Structures are given as C-alpha cells and as structure tokens.
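A.B. asks: Below is the sequence, then the predicted model.
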Amino acid sequence: MCHALLEAPKFSALLLRIDHELAEQTRSEGCRCGGALHRADYPRKPRGCPREVRPDYSSRLSFCCAECRKRSTSKSVRFLGRRVYLALAVVLVSARPTGPTPAAARLGHVLGVARRTLQRWRGWWRELFPLTPLWRAACARFMPPVPTDDLPGELLERFTGPAHEALTRLLVWLSPVTVGGQAPAAIELREGC
Ligand SMILES: [Zn+2]
C-alpha cells in the first residue's frame, strides 16, 4: 500500500506543498548576512520517478542571497539530500536490513535501484544516519528503542496510521537531514547515488 503512494499524484502534490511551506520558512528567515533571499531552484531529474508525478519532483527548492550570493536550500520531504532517487523511494526500498522484504525488493527492481546503490543506502541508514543530530536528539523518544540495525524499516513501523499520513509524518521528521548542519549525513549525501 505504501508503494502505491510513490505514483499517487495527490500524495506527490501534498509533498510538494509541504516543501513550499518549508521553503517559505527559509525565505522568511533571510540570509545570515541580513540580505533577502531570492528563489534559485536546482533543476532535478530524479531516477525511478513515475511519469504521472514527475512535474512535482522537477526541482529542489533553493534560494540565493541578493547581497552575498550565498545559497540557502530549504529542508525537503521530496529529496533526501543529493540522491537521485526520491526520499520516499530511499526509505521504502531500504527497509529491512538483512534482506529486502518481497515488497521492497519488487519496488527496488521496478525503480531500477542497483544493488550497490541499495547497499550504500543501507550503510547510510545504519552507520551515518545514527550519527546525525536528528537521530541523536530523537532516538531516546522511541520506546522501545529502535535498533540502528533495523533502520529504516523499524522507523516505518513506528509512524503509525494510514500510510499516506504515516509516511508524510516520517518524511517531515526526516527533513532536517536533507540540509547542511547534519554533518555525517551531508558528507555521504554529497557523494550522490
Ligand atoms: Zn547573504
């Protein structure tokens, strides 16, 4: 059921709306130098993105300072850093550390996720994601604790409710790792996939 959301136009439109809200927060804060931020999005051509929803994923919202030209990219629920796959795909396909569930494996196959890419994603979830300020601040709130070996599958389990609501909340919760300041994750994300 989760997987159908990848190609659901209503769901991608919702994520795009959330990204616009996150971008508005960034814009209203302005640049550190005091300058105003102007829209300067990065064009994106995500891999494994169903045609029906492609327009909703065609750019990463970003800004450029009118004074110092410094970039400010807002948090995102659509893109997990610079990965070429959608955040939703990275979460769903990586679920299960010890061997993909049939559903996750099918999805990975449909989206054309290479085995090496999947290994890199899983390595990121298990080794780098636990080092992020987000996880360090939040992991104690999960009761019982979420073993890092079970990321992100066990995280998916903890966000309960109807699939679209649970996944939206999970992606919003994850969104701080999609921008700078979450060093270990950012290093890995720069390598792309
Ligand atoms: Zn500036």
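C.D. replies: It's in.

A.B. asks: From the rest of the structure, what touches stretch 33-43?
C.D. replies: By C-beta atoms under 8 Å, 6 or more residues apart in numbering, the surrounding residues in contact with stretch 33-43 are 26-27, 30-31, 58-68, 70-73. Backbone N, C-alpha and C define where each C-beta goes, glycine included.

A.B. asks: just checking: which of those residues also lie near the ion?
C.D. replies: Among the contacts of stretch 33-43, the ones lying close to the ion by the criterion of C-beta under 5 Å from the ion are 31, 65, 67, 68, 70.

A.B. asks: hmm, which of these are the buried ones?
C.D. replies: The neighbour-count criterion (16 or more other C-beta atoms under 10 Å) marks 31, 65 among these as buried.

A.B. asks: and the two most separated of the ones next to the ion among the contacts of stretch 33-43?
C.D. replies: Pairwise distances across the ones next to the ion among the contacts of stretch 33-43 (C-beta to C-beta) peak at 8.6 Å, for the pair 67 and 70.

A.B. asks: Would you list the buried entries among the contacts of stretch 33-43?
C.D. replies: 26-27, 30-31, 59-65, 72-73.

A.B. asks: Among those residues, name the ones in helices.
C.D. replies: Using DSSP state H, the members of the buried ones among the contacts of stretch 33-43 that fall in helices are 26, 27.

A.B. asks: Quick one: classify residue 13 as helix, strand or coil.
C.D. replies: In terms of secondary structure, residue 13 is helix; the call rests on DSSP: H, G, I helix; E, B strand; the rest coil.
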